[in-house]
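K.L.:
Just to be clear, the model below is a prediction. Sequence and coordinates:
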Amino acid sequence: MFIRYLLTICSLALATLSCEAVIIYTNPEDIQVVGVITLPPLEPVGVDLNFDGVDDFEFTRMGGQFGVDLVPLNDNRTIVFPKLPPDIGSFLVPLDDSFLITSEISSPLAWINMSTSVSSCVNIGCIGLFLGQTAYIGTEFQIEGQTHYGWIQFEDRIGSSGGYLLDYAYESEPGVGILAGAIAIPEPSTYVSLILGLLALACYRQKYS
Ligand SMILES: [Ca+2]
Ligand SMILES: [Ca+2]
């Protein structure tokens with residue numbers, strides 16, 4: 001009886017783990033991304049959202065200018081505000097935590113797979129929607145040929161032409177959108193606590209039945 005009860009609990013727990021779409025959250029040490037020419041010059045900063053060893057996006061210094069670009073690698077895309085007229089580039093859009101990152105986004109925002117300006121400065125001033133903001137970048141990327149959605153949090157600092165990569169996350173279920181800034185809920189530790197709690201209850205009932 002006890003073994004059957006135990007197996008039932010484990011089956012339910014495993015079913016929960018395998019069927020739930022979960023958010024995979026990564027919070028590394030904040031990484032400085034500087035757009036101005038520094039000595040020594042900073043290398044491009046890659047972002048590997050699903051930590052499979054292949055970078056999905058890359059922060060890089062704008063060629064010959066003082067600013068930071070975000071480059072989607074492979075066929076990945078970011079949410080941007082196209083400059084007018086079109087085809088002369090675009091600005092990366094700072095998203096707040098109420099924004100649902102999914103395939104359908106409202107015009108004039110757009111998904112593109114081209115290098116996009118985070119912010120940039122020249123001696124007469126700075127430009128960029130991200131300027132001086134800490135906000136989320138909407139990302140779409142591929143895992144084994146399937147589309148996933150995620151976010152990257154970036155802190156832009158006025159005067160530095162750059163800023164800091166703070167953290168990032170993605171939705172494990174292909175095609176499912178993610179709220180900007182959402183992290184894993186419930187976290188794996190919650191599942192572990194749940195399973196341990198159920199096992200303790202099972203042991204208690206077995207002992208006193
Ligand atoms: Ca990757
Ligand atoms: Ca961090």
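P.N.:
Now that the structure is in, tell me what you want to look at. Ligands and ions are numbered 1, 2, ... in the order given.
K.L.:
Please tell me I have it right and Val71 contacts Asp55.
P.N.:
No. The criterion here is CB atoms under 8 Å, and Val71 misses it with Asp55 at 9.5 Å. C-beta here means a position set from N, CA and C on the backbone, and glycine is covered the same way.
K.L.:
can you list the residues of this protein near ligand 1?
P.N.:
Along the chain, the residues adjacent to ligand 1 under the rule CB under 5 Å from the ion are Asp48, Asn50, Asp52, Val54, Asp56.
K.L.:
Could you rerun that using 6 Å?
P.N.:
Counting by CB under 6 Å from the ion, the chain comes close to ligand 1 at Asp48, Leu49, Asn50, Asp52, Val54, Asp56.
K.L.:
Tabulate those residues (TSV), appending distance to Gly125 and neighbour count.
P.N.:
Formatted as TSV, the entries for those read as follows, by distance: CB to CB, whole Å; neighbours: other CB atoms under 10 Å:
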residue	distance to Gly125	neighbour count
Asp48	34	16
Leu49	33	23
Asn50	38	18
Asp52	40	10
Val54	37	14
Asp56	32	25
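K.L.:
Widest-spaced pair of those?
P.N.:
Leu49 and Val54 (9.8 Å; CB to CB).
K.L.:
strands paired with the longest strand along the chain, and their directions?
P.N.:
Of all segments of type strand in the chain, defined using DSSP state E, the longest is strand 146-157. In the sheet containing strand 146-157, the strands it pairs with under DSSP bridges are strand 134-143 (antiparallel), strand 162-171 (antiparallel).
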